[in-house]
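Asker: this one's sequence-less:
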């Protein structure tokens, strides 16, 4: 039997796990990404190698000569985290077969922001998924290229103001919809895809552990509020991660083998979605949408969300 | 250093191999752990042959059939960081797509062997040979070795791992052959027994790898306060290559009787004009020299093998006595004073009080044939320029104008 | 500052988690102040939401001899206020530095 560490779901168990990220990192105050990483750490089975794409988390946790990482970690470039992870995973397989790798389990996790995953790293992600390497890819989605100064990405929401999708006299921020990445990833027919929010810690850790245990590539889409880019109160990041679920911005679900959609507890328990306004009004980046000029545009966003939610429920077999 | 012995002739297998096939066999015999590659002409045979070895269970290598060359080099960096012995192959546009990660591989000190079948860069798209691809990558931090024969491609691929993985070096290395001219032409190759290569290379002993017992952070952010120091380390490492190259070659020579040197001189002792080039044009130049020598022309060839690091001292020493050096190179560095090889040669001679004239001939772009007459033309022009006492900074030969 | 030959190769950082040497407490404009009376952790060793959500590992939940203690590590707390916002018993108040 291979000795594996248990996933920590309760506070008592969590306190026993050595944190994978130390204090002294330079993520902005109130950024949810370190919490996302902390919860990921609660799911680990044993030795783990993280391959990270360029981005906020990469930069602010490894400013030389300091690293916040307590586990093996490598960064190469922006668009290649999944490719690096495939090299790491196969090197371990090769060395293990030749008797040169003593650890029975060595999990490989790739991490990218939404820019590094939805956009520039999408090709390398798709390639790695198709090839079927045993690794977990986690995107921490903060809705824009926050590291380079809040530019729009494929994950940016309609109506969201960024420094490349300004709200102006004639424009309401980004006009386009968000790329439905978890579904695109699931369409690769990989064994496991899940969306998570750091507010729902038990759901998060449980899913991440399932991802690690999947027989092939797995994908975790984590929502990660960004007070700097969203112009929200630093104290409200976790609350926003909850509201994103409750308003249908980031519904929680799993997809097994690319076909079986399962709504997760926190989303399933919702009788109906909360009004989108509750989510928007907490963020300066959506302030313009409350002007009469954009009322129709905002209604359309709300309606699209409801339609998407109904579609997802249907996929999950919920009436 | 491991002690290797002379391999008896009867243990060598002789086969007719293309340059690509010779490299594929060398990679197999080096027992690499990971190969991540993407198909591109004229390198493809390397990957195809290797996949056949895998399909027949002849190697334990994990092959990653990536979706792009960018991912090929990225996967190589990841695998090398774990501590595996890693190789890939590419050409032209593929190398261009790898560009960003070439710098990462070198700066992160990953001893990856990259075999390249040199091919012209687009546009227009062209599958034939010139050196624009690897010359463009000359500042990436890779070691660059250029081969003239299938045998040399085979031997160099084997030695490349030992040079790259040396703890004083830890740098990636390009083993370059001329696309089609060498990659697809069959030549006699004497192959070493597997055991001899195994003994020669040993198992890679990684230094600071992704080892769960010793967690490490690789590839952090380093700004104005430290970045420069890492570049200094890298520069020191590539400067150590000539010494390690010589040691490795000496060992290889003991085993096989073959060595190539960082450069090879051919009839240069009394030469007044030296033809300086590398890869397959060097073979043509030697034939030209033989014919010219019959006419009592004092001419020789310097065939360069190592372009990065550039062996300036050795090159200067080998050509300083000549009246002129005619450089033949398959690359135009647009907008530059002259072209990459001639620039290096001129810089190498700069400190000499009395130095030969340097002429620079751009030849064979996009696979344009380089027949002996092209080399003769450059030679005759150089003679003429010597008489006139001045030469143009560079000129193109073999183009209709 | 160390010279090029006095630091590990290629920017490799061989001491895990050494970011602890870098104190981020100076970023703080508001500091969390904790009320032991109402805290569920102090009462019965449950909850711990402030600890789980804290992005900077600046909350310390201590269990000793069957008793529960609570501390902030002000060397690292950036004063974001997530702990106060998420506390189900409003046991944490943010006060100006």
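Answerer: Everything's here; your move. This is a predicted model, so every value here is computed, not measured.

Asker: Now the residue nearest the centre of chain C: closest residue in space, sequence neighbours ignored.
Answerer: The centroid of chain C falls nearest to residue C:58 when counting by CA atoms, centre = their mean (0.3 Å). With sequence-adjacent residues excluded and distances taken as CB to CB, 6 or more residues apart in numbering or on different chains, residue C:58 is closest to residue C:77, at 3.8 Å. Every C-beta, even on glycine, is put in place using the N, C-alpha and C of the backbone.

Asker: and residue B:337, how many neighbours?
Answerer: Applying other CB atoms under 10 Å in any protein chain shown, we find 11 residues neighbouring residue B:337.

Asker: Excluding chain neighbours, what is closest to it?
Answerer: Spatially, and ignoring its direct neighbours in sequence, residue B:337 is nearest to residue B:393 (5.8 Å; CB to CB, 6+ apart).

Asker: now do residue B:381
Answerer: residue B:359 is the one closest to residue B:381 (CB to CB, 6+ apart), at 6.7 Å.

Asker: Kindly report the same for residue C:32.
Answerer: In space, and not counting its chain neighbours, residue C:32 is closest to residue C:92: 5.0 Å by CB to CB, 6+ apart.

Asker: Residue C:80 is in contact with that neighbour, correct?
Answerer: No. Shown here, residue C:92 and residue C:80 do not form a contact pair, counting by CB atoms under 8 Å, at 11.7 Å.

Asker: ok, the two, which is more surrounded?
Answerer: Under the criterion of other CB under 10 Å, the comparison of residue C:92 against residue C:80 puts residue C:80 first, with 30 against 22.

Asker: ok, the more buried one to residue B:145 distance?
Answerer: Distance from residue C:80 to residue B:145, counting by CB to CB, to the nearest Å: 54 Å.

Asker: again, but for residue A:274
Answerer: Remark: distance between residue A:274 and residue B:145 (CB to CB) = 65 Å.

Asker: which residue is nearest the centroid of chain A?
Answerer: Centre-nearest of chain A using CA atoms, centre = their mean is residue A:222, 2.5 Å out.

Asker: Now do the contacts for that one.
Answerer: A:36, A:138, A:139, A:140, A:141, A:195, A:196, A:197, A:198, A:204 (CB atoms under 8 Å, 6 or more residues apart in numbering or on different chains).

Asker: Mind putting those into CSV with pLDDT?
Answerer: Formatted as CSV, these follow (pLDDT from 0 to 100):
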residue, pLDDT
A:36, 98
A:138, 99
A:139, 98
A:140, 98
A:141, 98
A:195, 99
A:196, 99
A:197, 98
A:198, 98
A:204, 98
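
Asker: If any of the residues you listed are buried, put those into a ChimeraX selection.
Answerer: In ChimeraX, this line selects whichever of the contacts of residue A:222 come out buried by 16 or more other CB atoms under 10 Å in any protein chain shown:
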select /A:36,138,139,140,141,195,196,197,198,204
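
Asker: What about chain C: which of the contacts of residue A:222 touch it?
Answerer: Restricting the contacts of residue A:222 to those near chain C by CB under 8 Å from any CB of the partner chain leaves residue A:198.

Asker: Mind checking which of the contacts of residue A:222 land in strands?
Answerer: A:138, A:139, A:140, A:141, A:195, A:196 (DSSP state E).

Asker: Return the two entries of these that lie farthest from one another.
Answerer: A:140 and A:195 (12.1 Å; CB to CB).

Asker: which SS class is residue B:321?
Answerer: Recorded secondary structure, residue B:321: coil (DSSP: H, G, I helix; E, B strand; the rest coil).

Asker: For residue B:356, see how far away it is.
Answerer: 8 Å.

Asker: what does residue C:94 give?
Answerer: Counting by CB to CB - residue C:94 and residue B:356 are separated by 77 Å.

Asker: re the thing from before, between residue A:274 and residue B:145, which is the more surrounded one?
Answerer: Taking other CB under 10 Å, residue A:274 and residue B:145 do not tie; residue B:145 has more neighbours (26 against 15).

Asker: you'd agree the more buried one is up against residue B:306?
Answerer: Yes. If you go by CB under 8 Å, residue B:145 and residue B:306 touch, sitting 5.7 Å apart.

Asker: Okay, helices next: where are they in chain C?
Answerer: Here chain C has its helices, by DSSP state H, at C:40-44, C:49-53, C:82-86.

Asker: Quick check: which ranges of the stretch 301-401 of chain B have low pLDDT?
Answerer: For the stretch 301-401 of chain B, applying pLDDT under 70 flags no range at all.

Asker: OK, now which residue of it is nearest to chain A?
Answerer: residue B:308 (21.5 Å; CB to the nearest CB).

Asker: give me the beta-bridge partners of that residue?
Answerer: Beta bridges link residue B:308 to residue B:144, judged by DSSP bridges.

Asker: what residues does chain C put near chain B?
Answerer: By the criterion of CB under 8 Å from any CB, the positions of chain C lying close to chain B are C:1-5, C:7-14, C:16.

Asker: Neighbour-wise, which one of those residues leads?
Answerer: Neighbour max across the residues of chain C next to chain B (other CB under 10 Å) = residue C:13, 26 neighbours.

Asker: give me every residue that touches residue A:50.
Answerer: Residue A:50 neighbours (CB under 8 Å, 6+ apart): A:69, A:71, A:72, A:73, A:74, A:109, A:110, A:111.

Asker: redo that, cut-off 6 Å
Answerer: Counting by CB atoms under 6 Å, 6 or more residues apart in numbering or on different chains, residue A:50 makes contact with A:73, A:109.
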